[in-house]
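Peer 1: based on what follows, work out the 3D shape:
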Amino acid sequence: MKKNFNELYQEIFFYELFAVNANGDKAKMLLNEILAIESDLLKRISVREGKHVKGRVKMYFSKLNEDLQKHLQGFRKKIEELER
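Peer 2: You can find the predicted model right below:
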């Protein structure tokens, strides 16, 4: 998960540094949105309730991974829109 978010941060920083007429305000808002989602997902990983029930754990982390992938795809689309 850390690697995925680091890649998003790098793309936005490169955009801000190297893009001609870069929209810094939109990039900063996107960075804040990414930070909030990353924080939320990390909190969800740290939950200790119900981890002793194997089926519940698998279902919980499957949903967590599904949410992670959904957010990553959404952020990548937003970054592409910034670069246009």
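
Peer 1: which elements pack onto the helix of greatest length in the chain?
Peer 2: As assigned by DSSP state H, the longest helix anywhere in the chain is helix 54-83. When contacts are defined as 3 or more CB pairs under 8 Å, 6 or more residues apart in numbering; DSSP states H and E, helix 54-83 packs onto helix 2-18, helix 24-46. Glycine gets a C-beta too; all of them are placed from N, C-alpha and C.

Peer 1: and the first one, average pLDDT?
Peer 2: For helix 2-18, mean pLDDT rounds to 91.

Peer 1: would you mind listing the buried residues in that helix?
Peer 2: Neighbour-count burial for helix 2-18 flags 5, 8, 11-12, 15-16 (criterion: 16 or more other CB atoms under 10 Å).

Peer 1: which residues are in contact with it?
Peer 2: Identification of contacts with helix 2-18 by CB atoms under 8 Å, 6 or more residues apart in numbering yields 22, 24, 27, 30-31, 34, 38, 68, 72, 75-76, 79, 82-83.

Peer 1: one step back: chain center to the longest helix of the chain, what's the gap?
Peer 2: For helix 54-83, the distance from its own C-alpha centre to the chain's C-alpha centre is 7 Å (CA atoms, centre = their mean, to the nearest Å).

Peer 1: buried set for it?
Peer 2: Going by neighbour count (16+ other CB under 10 Å), the buried part of helix 54-83 is 60, 68, 71-72, 75, 78-79, 82.
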